[in-house]
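Participant: Take a look and give me a structure for this.
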Amino acid sequence: MHSPFYRSGGNRAFSVLEVLVVVAVLSIAFISVAKFAGTREAAGAHKLRQTTKALNQSIEVYLASGGKIDPDWGAVEVIGALKARARSERQHRIVGLTENMVDQRLGFEESSGERELKAVWDASAKRFQLVETAAAGITDFQLSDANIPAEGMEDERATGLLFADTGHWVWDYQDRSNGGPARGPTPVTSQPPAGGGAPPTGGGPTELAAPTFSHAAGEYVFSDFDLPVVISAGDNTPGTFQIFYRLGAGPFRLYNGNPLSVPQGSDLVAYAKSVNASSYADSPLSVASYNVEPFQLSPPTITANHPHFDSGSRPTIRITLTDPNDSRVPSTMRYRVEGGPWTAYSGAFDLDVATFASGAQIEAAVFGDQPWVQDSIASGLLLPVKLQPPVFAVESLDFVEAEVTLTNPNPVGSSLMRHQTMALPSSPYGAETLYAGAMVYRGEDYPDGGVRVSARSTASSERFLDSDPATVDVPLVDPDDWSLDGGASGTFANGVGLPSMDESYSVDGSMFSWGTPTFPNWNRSVAEFTGNDFTGAVPGAIFKIGEIHYFNGDILGGTGANGVDLSVNLQLGFGQNVPFTVPLELINVPNNTGSQAGDADFVKINYNAPPPQVELFGKPYRVILGFGQTSANGYSSVSQFHVFENESASADVHAVVAPPAVANAIWHYLRFGGSVLPGG
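Facilitator: Residues are numbered from 1 along each chain as shown. Reported below is the predicted structural model:
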């Protein structure tokens, strides 16, 4: 019976470790058919991950078989070394694989400039690392006959365990440290029995059984790591051995019986070391690789502090990303806006409507930083822009006919404008219609006060939200049936007199004073206009617009005023202002008649000038003023208001608004001596 370590005729069986290694090497041959299902990753990215993983396993086997990688090598030299065989004259002595570790046809493509997943050689770690980078790196591994070396490549494999070249030993030993296999040759004359029981009564030492692990080699979910692994002695007899182990590339250490914390991606190697070399031989190595079962990350949650932009009330929105994955997973959360470059998330960020006037599409994903971590799908959030309502413009506003136009303040192509109308003062809105141009409204169609126009901007895509409605009231009057409601105000200006005239005005212009008092403690003359509200004024009818308060002071000759303009403004209830100016004469009577009435100064409306013309509801009208009832110490006629010397009095000011033909008839009547304002 032969020892399993004895070479006969150059033929021997494969160990379990060798079979596993061959599977890893064979996986390189299938890199061109890598597929990926159920995730967002492209097949190319998955192929790169799987090929890189298999290539790194081949490197580990190459190094374990005595291969050497220089620190200054790059990817080309490393893959070249993996294609080489052990030197021919030494192959028969090497314990392990002697052939090439990868397919002779293996090659790769490199690129730079674009940020993407690439394999980059890490000389310090002696493995290819997968990183997402714009720097140079391998983007694809390929099989091509063009990559086969022209001549067979061989290298020197340095190994501490060789089959014996000559002599009686099965293998030669080279001295090793750190608790490795026992030094010196060990003769084997027969096949050892299974297990590590008591040594036989005759023959050589019995080989100890290899230790076993509480967790079989393979892939585990990420949350299981660090994996607690217990090493068991197997069937070995207590007291005949010590268990040594190592994690990764570290030194062998004596096992104390406690569970080991095995990180993901680690190789655990253990063997039973004999404490009695004459009776027991060290066990074979037990080797297990523990890797993370590939999984896909969950997408991040995108949170906005407001669901949409609004250029008025919400021009800026703050975005926060939340990673739902285990914080221990090597990954990076990134985002991009409107298809821009992916940016690593470092904290909440702001987006403003000035930059994203058509809304903002945000994407976020969690990218794995290890080959076994697959990128998440991208989560998305669309932040639309709330449209602004149309802007109204009302033209030719004469209250008989009005033209209303709409202007869209939003980005071109973002929206359409729609409008609807209702008759004032209140009625249901009509059907909403698409705005097609200027809208004309006439008073005869809306005789009860006008029309209210409501308009809004409606979104043409999901990037926008309909605006709130905006409204405008357009007062309209039927020209054949109207009345006036409103109020009046008035100011004095343009006093007329000799160069020595002494005049002044109040700040608001409603009061005018003139003349220098005859005696120091006396007062000068003063006129003040006070407007009032009015209702129901109709064409040709008298209505009161205010009062003139007049103090008749005793002033020096040559210092008084002979006239002044009274400017009146009728503020009508539906928004129209009707301004007009009436010239007034100031008559200073000499105090020599001996009677109050005869010495009374007075204000006179000058009817020599035509009455002022105004426009109402698109038609011309004329306004005629006259004096009405007075208080004590004064008296009036339609054109004159008299006040006794050194006394104060007030007089009503009446107005008549009439079409030109009617107004001219009234004017001629008053001009030539009429004493009553017609229409009262």
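
Participant: quick one: low-confidence parts of this structure?
Facilitator: Within the chain, the ranges that satisfy pLDDT under 70 run 1-43, 88-97, 152, 159-203, 396-399, 477, 479-482, 574, 673-680.

Participant: need the longest helix for it.
Facilitator: Among the segments of the chain that qualify as a helix by DSSP state H, the longest is helix 43-64.

Participant: Identify each buried residue in it, please.
Facilitator: In terms of neighbour count (16 or more other C-beta atoms under 10 Å), helix 43-64 has its buried residues at 45-62, 64. C-beta coordinates here come from the backbone N, C-alpha and C atoms, glycine included.

Participant: Heading C-terminal from that helix, find the next helix or strand.
Facilitator: helix 75-82 (DSSP states H and E).

Participant: on contacts alone, who are the packing partners of that next one?
Facilitator: Other helices and strands packing on helix 75-82, by 3 or more C-beta pairs under 8 Å, 6 or more residues apart in numbering; DSSP states H and E, are helix 43-64, strand 106-111, strand 116-122.

Participant: Distance of Ala431 relative to Pro330?
Facilitator: As for Ala431, its distance to Pro330 is 62 Å (criterion: C-beta to C-beta, to the nearest Å).

Participant: got it, and Asp350?
Facilitator: 29 Å.

Participant: the strands in the stretch 451-600 of the chain, which residues?
Facilitator: For the stretch 451-600 of the chain, strands defined by DSSP state E, counting those that start in this stretch occupy the ranges 464-465, 470-475, 484-497, 503-505, 511-514, 525-531, 533-537, 542-551, 561-572, 577-587.

Participant: Can you tell me the closest non-neighbouring residue to Arg622?
Facilitator: What sits nearest to Arg622 in space, not counting adjacent residues and going by C-beta to C-beta, 6 or more residues apart in numbering, is Ala663, at 3.4 Å.

Participant: three-state assignment of the one you found?
Facilitator: Look at Ala663: counting by DSSP: H, G, I helix; E, B strand; the rest coil, its state is helix.

Participant: need the contact list for it.
Facilitator: Ala663 is in contact with 611, 621-624, 656, counting by C-beta atoms under 8 Å, 6 or more residues apart in numbering.

Participant: Can you list which of the residues you listed are found in helices?
Facilitator: Using DSSP H, none of those sit in helices.

Participant: is it possible to export those to JSON lines including neighbour count and distance to Ser460?
Facilitator: Shown next, in JSON lines, are the contacts of Ala663 (neighbours: other C-beta atoms under 10 Å; distance: C-beta to C-beta, whole Å):
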{"residue": "Pro611", "neighbour count": "23", "distance to Ser460": "56"}
{"residue": "Tyr621", "neighbour count": "21", "distance to Ser460": "48"}
{"residue": "Arg622", "neighbour count": "21", "distance to Ser460": "53"}
{"residue": "Val623", "neighbour count": "22", "distance to Ser460": "52"}
{"residue": "Ile624", "neighbour count": "27", "distance to Ser460": "58"}
{"residue": "Val656", "neighbour count": "25", "distance to Ser460": "56"}
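
Participant: isn't Ile231 right next to Phe241, touching?
Facilitator: No: contact criterion C-beta atoms under 8 Å: Ile231 and Phe241 do not qualify, at 11.8 Å.

Participant: Report how many residues lie close to the nearest residue to Leu570 once chain neighbours are set aside.
Facilitator: Distances taken as C-beta to C-beta, 6+ apart put Val578 closest to Leu570, at 4.1 Å, once the chain neighbours are dropped. For Val578, the neighbour count with other C-beta atoms under 10 Å is 19.

Participant: Now do the contacts for Val578.
Facilitator: Contacts of Val578 by C-beta under 8 Å, 6+ apart are 569-570, 572, 614, 616, 623.

Participant: let's go with 7 Å and repeat that
Facilitator: Val578 sits next to 570, 572, 614, 616 when contact means C-beta atoms under 7 Å, 6 or more residues apart in numbering.

Participant: Go through those residues and single out the one with the most neighbours.
Facilitator: Neighbour-wise, the contacts of Val578 (other C-beta under 10 Å) top out at Leu570, 25 neighbours.

Participant: Name the nearest residue to Pro149, sequence neighbours excluded.
Facilitator: Lys83 is the one closest to Pro149 (C-beta to C-beta, 6+ apart), at 6.3 Å.

Participant: same check, this time on Glu645
Facilitator: Counting by C-beta to C-beta, 6+ apart, the residue nearest Glu645 is Asp599, at 5.0 Å.

Participant: Am I right that that neighbour is in contact with Val643?
Facilitator: No: between Asp599 and Val643 there is no contact under C-beta atoms under 7 Å: 10.5 Å.

Participant: thinking again about what came up before, Ala431 and Pro330: which is more packed in?
Facilitator: Per other C-beta under 10 Å, whichever of Ala431 and Pro330 has more neighbours is Pro330, with 12 against 6.

Participant: contact partners of the helix or strand containing Ala272?
Facilitator: Using DSSP H and E, Ala272 sits in strand 266-274. For strand 266-274, the surrounding residues in contact (C-beta under 7 Å, 6+ apart) are 182, 208-211, 213, 229, 231, 233, 236, 240-248, 255, 262, 280-290.

Participant: rewinding a little: I figured the residue nearest to Pro149 hits Val102, correct?
Facilitator: Yes: if you go by C-beta under 7 Å, Lys83 and Val102 touch, sitting 6.1 Å apart.

Participant: Between the two, which has more neighbouring residues?
Facilitator: Applying other C-beta under 10 Å to Lys83 and Val102 shows that Val102 carries more neighbours, namely 23 against 19.

Participant: Does the closest residue to Asp468 other than its chain neighbours belong to a helix, a strand or coil?
Facilitator: In space, and not counting its chain neighbours, Asp468 is closest to Pro389: 5.9 Å by C-beta to C-beta, 6+ apart. Secondary structure state of Pro389, per three-state DSSP, is coil.

Participant: Show me what the helix or strand where Met417 lies is packed against.
Facilitator: Element membership for Met417 (DSSP H and E) is strand 415-423. Strand 415-423 is packed against strand 433-434, strand 450-459, with contacts defined by 3 or more C-beta pairs under 7 Å, 6 or more residues apart in numbering; DSSP states H and E.

Participant: Could you spell out the sheet neighbours of the first one, each with its direction?
Facilitator: The pairing partners recorded for strand 433-434 under DSSP bridges are strand 415-423 (antiparallel).

Participant: how much space between Lys661 and Ile624?
Facilitator: Just to correct that, residue 661 is Ala rather than Lys. According to C-beta to C-beta, Ala661 and Ile624 sit 13 Å apart.

Participant: Ser223 now?
Facilitator: The gap separating Ser223 from Ile624 is 98 Å, by C-beta to C-beta.

Participant: how many other residues sit next to Gln576?
Facilitator: So Gln576, with other C-beta under 10 Å, has 19 neighbours.

Participant: That should have said Ala249, apologies.
Facilitator: Using other C-beta under 10 Å, Ala249 is surrounded by 12 other residues.
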